[in-house]
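S.K.: This is a predicted model, with the sequence first.
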Amino acid sequence: MNRSTLSIGCAAGFGGDRTDAAAPIVESLIARGNAGVLIFEMLAERTLALAQLERRKNPDAGYAPLLEPMVRPVLRRCLENHIPIVSNFGAANPQAAAKLIRQIAQEQGISKLRIAVIEGDDLSDARGHELLRRYLKPADTEREIVSANVYLGAAAIAEALRAGAQVVVTGRVADPSLTVGPAMAHFGWSETDWERLGQATMAGHLLECGAQVTGGYFADPGFKDVPELHNVGFPIAELSADGSFVITKADNTGGVVDARTVKEQLLYELHDPAAYLTPDVVADISEAEVEEIGKDRVAVTGVRGHQRPETLKVTVCFVGGWLGEAEISYAGPNAEARARLAAEIIRRRMGDVLKIRFDLIGSLSVFADDDGNALAEFSPPNGRDARLRVAGADNNRAVVEQLMREVTALYTCGPAGGGGIRTTITQRLNSASCFIPRELVPPTSTFLD
Amino acid sequence: MRSTTQQIELHHLAHSRTGDKGGTANVSLIAHNANWFPLLVEQVTEETVGKLFRHRHPTSVKRYVLPKLGAMNFVLEDVLDGGVNDSLNLDSHGKTLSFLLLSLKIEVPTELVGQVGRERLNQ
């Protein structure tokens, strides 16, 4: 096996991603003959709060709901070909996730499996609450906490892999750390090798949203066309010992990796390009360059790294209020005027009880503001197909229910020709963040018995 | 003095993607062609972007220029009406806002307008 290159494939970019992406990645890793690692990134900001709610209902739940369909088809192939699996699919219950993976392995006749579990991110226990009281804004400490997790880094993942883990299950870790950890373990980089960690972090950043770097979330017909997008291949980063890397994708799949897809994803969710903060390093792409070096192969160079922050970010989710959303359609002559009249009726019926937002779906919806200023100024050129959306939120569910009933009553009491009413009420989760000195929240790593 | 110009939507000259963190959105702007990048730097300023997003009441608009990528990154604070926490917007993440930026029209010298067309045909 060629050990001078480490190929890391990412088969999921969020908790609800496609479950058939891993197999082409794993086959490509095997075909290349390099050392390979398979990662799944499955935790958006709020995913963990939802997982924590599941765990409260059932102590054996709380891991990523799609873990099993993601892992089952590729577990044997990975183990047989020495491809470790590293993922944050442990979510709010990494131990339960590890047990599920062991069970899947046993069902497939695999008896020996080294599964490492990284914990220490979960601050929803008594000790965690004590810490949060010190570091959260005072107003937030009074609220009902659903989940509180610190973003752990790559070091514990690297340590588990060095100790022989074939599967590493984590809860909250920084997304790029899923890539940095395996690279540290493979190349023997130290925790303070900022230049290399900075490069691996940006490789991880490019991988962490799955197909977003291989033509997903990119196509714009006639402007940016993507071949075979329905079968988009997921990304693979090929890292070298000096930290330089190439982004490519699974063989025999659709999609595209070119300078444009890489640039879009490089800047995704970035603020200051010179200071992309993670638990591992401060990565710096202010002098980065991308170069197409072959079909679906892009080299990224010039990424730098600086000393890591002394604090770690914590995301806390609280129980939020109730969000009500209702829609009704008007079509044909004078449709827009009838939709606007419907909005006016709702506004006058509800008065100042709660803040209400109106949108004209198909004319002006997502670009507008909650205060309705953009909609007031806007006159659609067509105006013959108008779906009015009404949205309001309140801590008192009854108020939101009243708003939904007012929309429903438009059937008989509103303007002419309204139809297709749909209403939904959902509970919101609110989040806040704070920073805690890293020495107060050390990760723990254990092997499942 | 500049020759005659024509107003062209950014969509023809550049591409873009939005990301969010809390109530802050970042919107990238990447030139399709290195020749057009100076036009973008000159005309797509913090001020013009602030104006384009004025109804989303940004409290700050910061532009980062990345010449080696032929790209810029705009960070707009507080444009998401509270983001996923509080916004009543269908798109509480502001993911669609990249195409609001691409709807901005800039002045393109007539001799470059032909190039825009050719680039498009070649794609």
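M.R.: Thanks, I have it. Numbers count the residues shown, from 1 in each chain, chains lettered A, B, ... in the order given.
S.K.: Tell me how many other residues crowd the residue of chain B found nearest chain A.
M.R.: Relative to chain A, the nearest point of chain B is B:Gly19 (3.3 Å; Cβ to the nearest Cβ). Using the backbone N, CA and C atoms, a C-beta is placed for each residue, glycine as well. Neighbour count for B:Gly19, taken as other Cβ atoms under 10 Å in any protein chain shown: 22.
S.K.: Please, which helix or strand holds it?
M.R.: Using DSSP states H and E, B:Gly19 sits within strand B:18-21.
S.K.: Residues of chain B that sit close to chain A?
M.R.: Counting by Cβ under 8 Å from any Cβ of the partner chain, chain B comes close to chain A at B:11-12, B:15-17, B:19-22, B:24, B:26, B:28, B:30, B:32, B:55-57, B:64, B:66, B:68-71, B:73, B:75, B:81, B:84-91, B:96-97, B:100, B:120, B:123.
S.K.: Need the residues that contact the strand holding B:Gly19.
M.R.: A:267-271, B:25-28, B:80, B:83, B:93-98 (Cβ atoms under 8 Å, 6 or more residues apart in numbering or on different chains).
S.K.: same check, this time on stretch A:189-205
M.R.: Stretch A:189-205 is contacted by residues A:8, A:154-155, A:175-180, A:183-184, A:187, A:237, A:239, A:242-245, A:247, A:265-266, A:268, A:276, A:278, A:280-285, A:288, A:300, A:303-308 when judged by Cβ under 8 Å, 6+ apart.
S.K.: One more: stretch A:118-125?
M.R.: A:52, A:90, A:92, A:94-95, A:128-129, A:131-132, A:145-152, A:156-157, A:160, A:168-173, A:314, A:316, A:441-446.
S.K.: same deal with stretch B:101-111?
M.R.: B:2-11, B:13-16, B:27, B:29, B:36, B:39-40, B:43-44, B:48-49, B:52, B:74, B:116.
S.K.: now these: which count as buried?
M.R.: Buried members of the contacts of stretch B:101-111, scored by 16 or more other Cβ atoms under 10 Å in any protein chain shown, are B:8, B:10-11, B:13-16, B:27, B:29, B:36, B:39-40, B:44, B:49, B:52, B:74, B:116.
S.K.: Which of the contacts of stretch A:118-125 are buried, as a ChimeraX select command?
M.R.: In ChimeraX, a selection of the buried entries from the contacts of stretch A:118-125 looks like this (16+ other Cβ under 10 Å):
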select /A:52,90,92,94,95,128,131,132,145,146,147,148,149,150,151,152,156,157,160,168,169,170,171,172,173,314,316,441,443,445
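S.K.: Of the contacts of stretch A:118-125, which belong to helices?
M.R.: Using DSSP state H, the members of the contacts of stretch A:118-125 that fall in helices are A:Gln52, A:Pro94, A:Gln95, A:Gly128, A:His129, A:Leu131, A:Leu132, A:Ala156, A:Ile157, A:Ala160.
S.K.: my read: the fifth one touches A:Arg143, true?
M.R.: Translated: A:His129. No - between A:His129 and A:Arg143 there is no contact under Cβ atoms under 8 Å: 11.6 Å.
S.K.: who's in contact with A:Gln212?
M.R.: A:Gly13, A:Phe218, A:Glu264, A:Gln265, A:Tyr268.
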